[in-house]
Structure formats: C-alpha cells, structure tokens
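Q: Quick check, what structure comes out for this input:
(one chain, ligands or ions: 2)
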Amino acid sequence: MVKICCIGAGYVGGPTMAVIALKCPSVEVAVVDISVPCITTWNNVEKHVCEADIVFVSVNTPTKTRGLGAGKAADLTYWESAARMIADVSKSDKIMVEKSTVPVKTAEAIERILTHNNNRINFQILSNPEFLAEGTAIEDLFKPDRVLIGGRETPGGQKAIQALKDVYAQWVPEDCIITTNLWSAELSKLAANAFLAQISSVNAMSALCEANGANVLEVSYVVGKDSMIRPKFLNASVGFGDSCFQKDILNLVYICECNGLPEVAEYWKHVIKINDYQKIRFVNRVVASMFNTVSGKKVAILGFAFKKDTGDTRETPKIDGCKGLLGDKAKLSIYDPQVNEDQIQRDLAMKKFDWAHPLHLQPMSPTGVKQVSVVWDAYTATKDAQ
Ligand SMILES: NC(=O)c1ccc[n+]([C@@H]2O[C@H](COP(=O)([O-])OP(=O)(O)OC[C@H]3O[C@@H](n4cnc5c(N)ncnc54)[C@H](O)[C@@H]3O)[C@@H](O)[C@H]2O)c1
Ligand SMILES: O=c1ccn([C@@H]2O[C@H](COP(=O)(O)OP(=O)(O)O[C@H]3O[C@H](CO)[C@@H](O)[C@H](O)[C@H]3O)[C@@H](O)[C@H]2O)c(=O)[nH]1
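A: Ligands and ions are numbered 1, 2, ... in the order given. Sure thing, here's the model as predicted:
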C-alpha cells in the first residue's frame with residue numbers, strides 16, 4: 001500500500017489530504033503538524049514521514065520580515081525545517097511534493113538539503129502547487145480546473161511524476177493533469193496568482209468610474225462579456241486581501257529584481273500599490289461622506305474575514321479599513337459569524353505579515369483596542385450605527 005504523509009495541516013494540507021484519502025482508498029494518508037493543537041487532532045510527525053512513500057509539504061511560506069529581501073521575499077524557514085526533518089528521519093526512498101507556494105528554484109535548494117545526509121536514499125522532488133480557493137476548497141479539490149505536476153526531466157523524475165499522477169487520476173480526468181518541468185510548475189503558481197490579482201485593474205477603473213459618473217458594475221460587465229476575458233474575477237472591491245495574493249506577488253517582484261528585471265518587477269509592484277490605494281481610497285470616501293470626520297461615530301462592520309464562507313482573516317482588507325477608521329477615532333462594531341473576538345483584536349493589533357506564521361509562533365494576544373466591540377449578530381452591530 002502506498003503511504004502519503006503531508007506536513008502542514010492547514011487550509012491546504014487538511015482538505016487536500018481528506019480528498020485524497022476519500023478518493024484513493026488504497027492509499028494510506030497521514031497529516032502532521034508542528035502546532036500542538038493540530039498534532040493532537042492529527043498524528044505523530046516523524047513516524048509517518050519515515051513510513052511514507054510520498055511526502056507532501058504544505059507549510060506556511062509567508063513574507064520575510066527581516067534580513068535580505070525583507071518585505072518581499074518568501075520566508076522559507078518552515079519549509080527548510082520540514083525538509084531537514086525529512087532528511088533526518090527517512091530510511092527509504094521518497095517522493096517529496098512541494099504543495100506550498102514557493103519561489104522558483106526552491107526544489108534545487110531542497111534537493112541539496114535532502115541529499116546532504118546521503119544515506120543512499122533516493123529523493124525525487126515534485127512541484128504540485130495548489131490552486132484551491134478558500135470557502136470552496138472541497139469543491140475545487142473534487143473538480144479542479146487543473147492539477148499541475150512538475151518534475152525533473154530524468155527517468156527518475158518522470159517515474160515520480162507518474163506515481164503522483166496515479167494518485168490524482170483516481171478522480172481527476174487525465175486531460176486536466178498537466179505535467180511540466182520543475183521550474184515551470186513552481187513559477188506557474190506565482191504567475192496564476194499574479195494574473196488573478198489583476199483584479200487591481202478593475203479596482204483602478206472603479207476610481208475613474210466614480211470620478212466620471214460611470215458605474216463600475218456596468219463597465220466590468222461589458223469587459224467580462226468579451227469572450228477573451230472571463231467574467232468571474234472582475235468584481236470591483238475594496239481591495240483584494242487573502243493569505244496568498246500579496247505575499248506571492250511580493251515574492252514575484254523580488255524574484256524579478258534578483259533576475260535583473262527591474263521593469264518587470266515594477267510592473268507587478270503596481271498591482272500591490274493599486275490594492276493599497278484602493279483600501280485607503282475606501283476609508284477616505286467613508287470619512288468624506290460623513291462630514292469629513294467619523295470621530296465618536298459608530299460604524300458597523302459586517303464581515304471581517306477576507307471573503308465569505310471562511311474564517312480566515314489573513315490580509316483581509318477589513319484590517320486596513322478598520323485601522324483607517326480607528327485612526328479617525330470611529331467606534332467600530334464588528335460582526336462576523338466565523339471570526340471570534342480574540343482573532344479580530346489580534347489582527348487589529350498585530351504588525352503587518354505577523355499573521356502569516358503558525359498560530360503558536362504569533363505574538364501573544366495583545367490588549368484589545370477599546371473603540372472596537374465584537375458582537376454576535378448583525379442587528380446589534382448596526383443598532384445606532386451612523
Ligand atoms: N490558503 C490557501 O487558499 C492556499 C491555496 C493555495 C496554496 N496555498 C499555499 O499553501 C501553503 C500553506 O498554506 P495554508 O493556507 O494551508 O497555511 P496554514 O497556515 O493554514 O497551514 C500551514 C500549517 O503548516 C504547519 N507547519 C509549519 N511548519 C511546519 C513544520 N516544519 N512541520 C509541520 N508542520 C508545520 C503550521 O503549523 C500550519 O498548521 C502556503 O505556501 C500557501 O501559499 C494556500
Ligand atoms: O472579482 C473578484 C474576485 C476576488 N476578489 C478578491 O480577491 C481576493 C481573493 O479571492 P479568492 O481568489 O476568491 O480567494 P482565495 O481563497 O485566496 O484564492 C486565491 O488564492 C489561492 C491561494 O494561492 C489560489 O489557490 C486561488 O486560485 C486564488 O483564487 C479576496 O479578497 C476577494 O474578495 C475581488 O475583489 N474581486
């Protein structure tokens with residue numbers, strides 16, 4: 001029986017392994033994590049890694065906050081420690097699958113770590129980035145637009161690709177499984193998110209619409225009717241804000257800079273700049289529409305997560321919106337059925353990028369922001385709101 005072990009039991013590792021286990025009854029699946037609550041829920045890390053034929057690594061890859069590339073480059077601390085642990089405990093040949101979103105060429109560095117101990121164990125590294133969206137994770141995993149598997153162009157690499165393909169082929173049609181070389185697969189994930197984040201183009205257009213009496217809903221509807229453009233991702237918003245877009249584009253910017261491509265880096269940087277501008281513009285419009293001050297006024301915030309059907313608040317634009325309103329001394333009443341008060345208070349007090357690390361490594365619960373109340377229904381939130 002093939003055994004798969006996944007390192008990282010978060011938004012990606014958890015549902016992905018649940019679906020593999022469901023769809024591949026002949027495969028034994030284990031999910032492990034460094035977070036104590038996760039370990040108690042899932043299982044023993046080293047035993048499963050040691051026994052597995054295929055090890056998925058689905059750990060956090062947040063933006064670096066210190067040192068070389070701070071504020072842009074991906075922090076591969078968690079990745080590296082997972083790779084070192086695999087190297088230390090392995091006693092048999094393994095396929096290591098990069099599930100996390102990583103910079104292009106990460107596999108090369110990981111190969112060095114894995115072969116460092118050189119116990120005559122053969123490691124094949126595959127890049128198998130995840131394209132699921134939160135809130136629809138299980139549907140996306142059941143019916144993915146595509147599954148991408150990149151590997152070395154050697155007989156060993158091709159054999160490893162086939163082994164992983166055999167797992168997905170249990171429920172994903174063959175023509176949806178794309179195989180590429182390692183570097184194309186690693187880069188495709190960053191490229192896909194950079195393209196999706198061009199929702200910034202619609203958001204930039206919304207500013208022009210507002211200045212000229214055009215309606216951005218009508219304009220984006222017309223644009224989306226072009227058969228060359230898909231309408232699904234053209235909804236103007238107060239700025240995108242999920243756990244991936246910003247960090248992945250910043251990482252792309254850093255990679256472009258490192259490759260001596262400053263013009264390309266600048267192009268993608270603007271996607272982030274427009275996003276920041278859109279978030280500030282929203283706060284300014286709210287304040288301007290309330291006689292240029294929200295001081296002492298109650299403002300209701302309905303929904304705090306970055307989108308519906310998830311409790312994930314990483315990079316949610318509500319953080320910037322709330323901080324902007326608090327800066328003008330508003331009183332906020334926040335309601336989100338999926339996010340608890342402690343999380344909201346932590347998000348409003350934490351430094352940028354801190355929320356992207358495993359929970360037990362985040363700063364302790366800070367003292368709450370006094371002008372913020374977190375309530376348990378929309379009626380209480382909106383009562384007496386201005
Ligand atoms: N969330 C998404 O929608 C999404 C979609 C596609 C890709 N991704 C990518 O997948 C990766 C994981 O994202 P996520 O949202 O699941 O993150 P997450 O924070 O929900 O989960 C990561 C888990 O890894 C654990 N971990 C970290 N280091 C570990 C180690 N050395 N050993 C064992 N466990 C360890 C953490 O404790 C955490 O529970 C990231 O690279 C992200 O960019 C995320
Ligand atoms: O028309 C749109 C669509 C989305 N958004 C915003 O964009 C952000 C991201 O939304 P979405 O893509 O639905 O959420 P995620 O779950 O973060 O999924 C994205 O990020 C994942 C992590 O890399 C990728 O796997 C997915 O393909 C990619 O869609 C959110 O703030 C949305 O509100 C808009 O403003 N307008």
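Q: Output the set of residues of the stretch 101-250 of the chain in proximity to ligand 1.
A: 101, 130, 132, 134, 243-244 (Cβ under 6 Å from any ligand atom). From N, CA and C alone the C-beta is placed, and that goes for glycine too.
Q: switch the cut-off to 5 Å
A: For the stretch 101-250 of the chain, the residues in contact with ligand 1 (Cβ under 5 Å from any ligand atom) are 101, 130, 134, 243-244.
Q: of these, the lowest pLDDT goes to which?
A: The member of those with the lowest pLDDT is residue 243, and it reads 87.
Q: Pick out the residue nearest the middle of the protein.
A: The central residue of the chain, meaning the one whose C-alpha is nearest the mean C-alpha position (Cα atoms, centre = their mean), is residue 244 at 3.0 Å.
Q: wait, isn't it in contact with residue 193?
A: Yes - when contacts are counted by Cβ atoms under 8 Å, residue 244 is listed as touching residue 193 (5.7 Å).
Q: list residues touching both of those two?
A: Shared contacts of residue 244 and residue 193, defined by Cβ atoms under 8 Å, 6 or more residues apart in numbering, are found at residue 101.
Q: where does the stretch 1-150 of the chain have low pLDDT?
A: Residues of the stretch 1-150 of the chain that meet the criterion pLDDT under 70 lie in 38-43, 118.
Q: where do the helices sit along it?
A: Taking DSSP state H, counting those that start in this stretch as the criterion, the stretch 1-150 of the chain carries its helices at 13-23, 36-41, 45-51, 77-89, 106-116, 137-142.
Q: for these, which one sits closest to residue 199?
A: Comparing the helices of the stretch 1-150 of the chain by their distance to residue 199 (Cβ to Cβ), the top pick is helix 137-142, with 18.2 Å.
Q: Which elements pack onto the closest one?
A: Applying 3 or more Cβ pairs under 8 Å, 6 or more residues apart in numbering; DSSP states H and E, one finds that helix 137-142 makes contact with helix 13-23.
Q: Quick one: list the elements packing against the helix it packs on.
A: In terms of contact count using 3+ Cβ pairs under 8 Å, 6+ apart, helix 13-23 is assigned the packing partners strand 2-7, strand 27-32, strand 54-57, helix 137-142.
Q: Same list, the ones you listed, but as JSON lines with mean neighbour count please.
A: Compiled in JSON lines, these are given as follows (neighbours: other Cβ atoms under 10 Å):
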{"stretch": "strand 2-7", "mean neighbour count": "23"}
{"stretch": "strand 27-32", "mean neighbour count": "21"}
{"stretch": "strand 54-57", "mean neighbour count": "26"}
{"stretch": "helix 137-142", "mean neighbour count": "16"}
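Q: Tabulate the ones you listed (a markdown table), appending distance to residue 234.
A: Converted to a markdown table, those look like this (distance: least, Cβ to Cβ, whole Å):
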| stretch | distance to residue 234 |
| --- | --- |
| strand 2-7 | 34 |
| strand 27-32 | 36 |
| strand 54-57 | 33 |
| helix 137-142 | 19 |
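Q: who wins for proximity to residue 46 among these?
A: Each of the helices and strands packed on helix 13-23 has some distance to residue 46 by Cβ to Cβ; the shortest is strand 27-32, at 8.2 Å.
Q: The nearest residue to residue 70 once chain neighbours are set aside - how many residues pack around it?
A: Of all residues not flanking residue 70 in the chain, residue 64 sits nearest, at 5.1 Å (Cβ to Cβ, 6 or more residues apart in numbering). Here the number of neighbours of residue 64 (other Cβ atoms under 10 Å) works out to 20.
Q: thinking residue 64 is in contact with residue 78, fair?
A: No - with contact taken as Cβ under 8 Å, residue 64 and residue 78 are classed as non-touching, separated by 12.0 Å.
Q: follow-up on the earlier one: with distance to residue 300 as extra columns, can I get the helices of the stretch 1-150 of the chain in CSV?
A: Below are the helices of the stretch 1-150 of the chain laid out as CSV (distance: least, Cβ to Cβ, whole Å):
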stretch, distance to residue 300
helix 13-23, 32
helix 36-41, 32
helix 45-51, 44
helix 77-89, 37
helix 106-116, 44
helix 137-142, 29
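Q: ok, back up a step: may I ask which two of the residues of the stretch 101-250 of the chain next to ligand 1 are separated the most?
A: Greatest spatial distance in those: 101 and 134, 13.8 Å, computed using Cβ to Cβ.
Q: hang on, the earlier thing: now, which of the residues of the stretch 101-250 of the chain next to ligand 1 lie close to ligand 2?
A: With Cβ under 5 Å from any ligand atom as the criterion, those include 134, 244 near ligand 2.
Q: Which helix or strand lies directly C-terminal to the top helix by length along the chain?
A: Scanning the chain for the longest helix, with DSSP state H as the assignment, gives helix 262-289. Toward the C-terminal end, the helix or strand that comes next after helix 262-289 (DSSP states H and E) is strand 298-302.
Q: just checking, what packs against that next one?
A: Taking 3+ Cβ pairs under 8 Å, 6+ apart as contact, the helices and strands that strand 298-302 lies on are helix 317-327, strand 331-335, helix 378-382.
Q: do that again at 6 Å, thanks
A: The contact analysis (3 or more Cβ pairs under 6 Å, 6 or more residues apart in numbering; DSSP states H and E) places strand 298-302 against strand 331-335, helix 378-382.
Q: Could you check the angle it makes with strand 331-335?
A: Between the axis of strand 298-302 and that of strand 331-335 there is an angle of 20 degrees, by axes from the mean of the first three to the mean of the last three Cα atoms, to 10 degrees.
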